[in-house]
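J.: let's see this in three dimensions:
(chains A and B)
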2 protein chains.
Amino acid sequence: MFKAAYFGELGAYSEQAAVQHFGDSARLKPCKFLQEVLESADSDSEFGVVPIENSIEGAVTQTYDLLLDSKLSIVGEEIVKISHCLMAAKRVKLSQIRFVYSHPQALGQCRTFLERNKFDSIPFYDTAGSAKMLKAKQLKNAAAIASERAAKVYGMKILARNIQSNKRNYTRFLIISKDIASSSADKTTIVFSAKNTPGSLFKSLNAFADNKVNLLYIQSRPILGTPWEYNFYVDCDGSIKDHNVKKAIRDLYDASEFVKVLGSYKRARFGKHV
Amino acid sequence: MFKAAYFGELGAYSEQAAVQHFGDSARLKPCKFLQEVLESADSDSEFGVVPIENSIEGAVTQTYDLLLDSKLSIVGEEIVKISHCLMAAKRVKLSQIRFVYSHPQALGQCRTFLERNKFDSIPFYDTAGSAKMLKAKQLKNAAAIASERAAKVYGMKILARNIQSNKRNYTRFLIISKDIASSSADKTTIVFSAKNTPGSLFKSLNAFADNKVNLLYIQSRPILGTPWEYNFYVDCDGSIKDHNVKKAIRDLYDASEFVKVLGSYKRARFGKHV
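T.: This is a model prediction of the structure:
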């Protein structure tokens, strides 16, 4: 049994989030696909670690869509500072580089650096995975964008550090599990869809205001098969064990077409690890 | 002077949106980058046509980010039914195909088809652009995903039609211009950021409810440089010339950190062109 499954290869930012949460000695399992993390957290791992939001690129929409259909709950979160490095196989020089492989979000975050150097961007499924692939293929004209940890794991040479355009770059990760809320939860994530009538979105949101539950975040996602109807993902203050949150959820059920509580958990303190 | 600039090559879905809006005889200008459409609409074109939302993939976040910093207004919208075709150079057979080029959103929408056929996906900047590139290079082992119109424009052979997983696939486009609201506007788009105090998001949203302005949609985007703070893009019923919308915007100014009206326009009737 693994302690946690995480998204990406050895050296991925998700692995760093897992280490922050479970410690250095936890037995961790890398997963190539987000869906695989959820499957593992339901079978051979106690927990899963998935990216949910980057402070520059925004929501990881695929994670939201997967949580909607999953029986797993959100039981924690971690914030990781993203510091991208350009790396290549030993002996490769910066002047030889023509192609740069990485996850599309990482390429986006380093757009200015890539354009200035006239590198061609090649999207890859994972940041650390691109470092692993370059190492295996020993490409001479290509580099990867990944974490310093990935460079160490795969024995790559770092050609440039901290190359992202915006230096205040953080990714928020969710810890998911078959278990339910921890006792110290102070944040709750709920997904709902409004009824298909005028004013219904506001009536749903009113469930929070009427019960003095503070909204932290709203993210909308299209509902598959019904164009221009949406699921709204809401983060709010408090635990589902709190009286006012319980009452808000009851009111939300009355006002909405569909409601699902994704989990109550302890909020990551911004700046704790940065 | 062009009537309108649109995103993508000849045969792009944005071109179809432009033709729906301005007619077959309008002089149109293709643009490789979204930013270029905005620049053209400010100089050598009367209007710009940009994708804002797909009914499956969700928001085109880059368009939201560009509108935030632009002096252009939204003056209209169009909905286009998306029907993806797999196409290759004449004489190429389906059995020869190994690689499939297209825009990442189109690749995502055809994921099931691509996986079933064990094709490797290669992200490209544009759907029609990938057809144009294959035509120019006469690749024998590659196909593109684009519209039937693109196949016709570039003389490509259609190998498979309607290959997207979800058949109810639509993209909404915005018409942007230096001009302001049309007289028949019945929809308004506003961006705001909440104050950095508890309950502030709800107070901002309350500006709409207090004035009986119906919310149609909310989309959040991170504010660059200030992690975990957001701009909220709101679509609501009514024109900025309506008394209650005017009043809601005044209240929103009082309750929020930042407010910008992006435009009032006539809503695209869903089903009009589908």
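J.: so which residues make contact with the host helix or strand of A:Ile249?
T.: A:Ile249 belongs to helix A:243-255 when assigned by DSSP states H and E. The contact list for helix A:243-255 (C-beta atoms under 8 Å, 6 or more residues apart in numbering or on different chains) reads A:188, A:190, A:192, A:194-195, A:200, A:203-204, A:206-208, A:210-213, A:236, A:238-240, A:259, A:261, A:264. All C-beta atoms are positioned from the backbone trio N, CA, C, and that covers glycine.
J.: ok, then the element right after it?
T.: strand A:256-265.
J.: near chain B, anything from that next one?
T.: No: using C-beta under 8 Å from any C-beta of the partner chain, strand A:256-265 stays clear of chain B, with a minimum separation of 14.1 Å.
J.: what separates that strand from the chain centre, distance-wise?
T.: 19 Å (C-alpha atoms, centre = their mean, to the nearest Å).
J.: for that strand, list every residue counted as buried.
T.: A:Ser256, A:Val259, A:Val261, A:Leu262, A:Gly263, A:Ser264, A:Tyr265 (16 or more other C-beta atoms under 10 Å in any protein chain shown).
J.: need the contact list for the closest residue in space to A:Leu86 that isn't next to it in sequence.
T.: Sequence neighbours aside, A:Ala160 is the residue nearest to A:Leu86 in space, at 4.2 Å (criterion: C-beta to C-beta, 6 or more residues apart in numbering or on different chains). Listed by C-beta under 8 Å, 6+ apart, the contact set of A:Ala160 reads A:Cys85, A:Leu86, A:Leu94, A:Phe113.
J.: check which helix or strand covers the last one.
T.: So the one you mean is A:Phe113. Assigned by DSSP H and E, A:Phe113 falls in helix A:111-116.
J.: with the second one instead?
T.: Counting by DSSP H and E, the element that carries A:Leu86 is strand A:85-88.
J.: continuing past that strand, what's the next helix or strand?
T.: Next along the chain after strand A:85-88, with elements defined by DSSP H and E, is strand A:99-102.
J.: now what about that following strand, what contacts it?
T.: A:84, A:86, A:107, A:110, A:114, A:119-124, A:127, A:130, A:133-134, A:139, A:141-146.
J.: let's see that with 10 Å instead.
T.: A:84, A:86, A:88, A:106-110, A:113-114, A:117, A:119-131, A:133-134, A:139, A:141-146, A:163 (C-beta atoms under 10 Å, 6 or more residues apart in numbering or on different chains).
J.: just the mean pLDDT for that strand, thanks.
T.: Strand A:99-102 comes out with an average pLDDT of 94.
J.: name the residues of that strand that are buried.
T.: Buried residues in strand A:99-102 (16+ other C-beta under 10 Å): A:Val100, A:Tyr101, A:Ser102.
J.: A:Gly58 contacts B:Arg221, doesn't it?
T.: Yes: counting by C-beta atoms under 10 Å, A:Gly58 touches B:Arg221, with 5.8 Å between them.
J.: got any residues that touch both of those two?
T.: B:Ala59, B:Thr61, B:Tyr64, B:Asp65, B:Tyr230.
J.: could you dump the residues you listed to a markdown table with secondary structure and neighbour count?
T.: Output for the shared contacts of A:Gly58 and B:Arg221, formatted as a markdown table (DSSP: H, G, I helix; E, B strand; the rest coil; neighbours: other C-beta atoms under 10 Å in any protein chain shown):
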| residue | secondary structure | neighbour count |
| --- | --- | --- |
| B:Ala59 | strand | 24 |
| B:Thr61 | helix | 16 |
| B:Tyr64 | helix | 20 |
| B:Asp65 | helix | 16 |
| B:Tyr230 | strand | 20 |
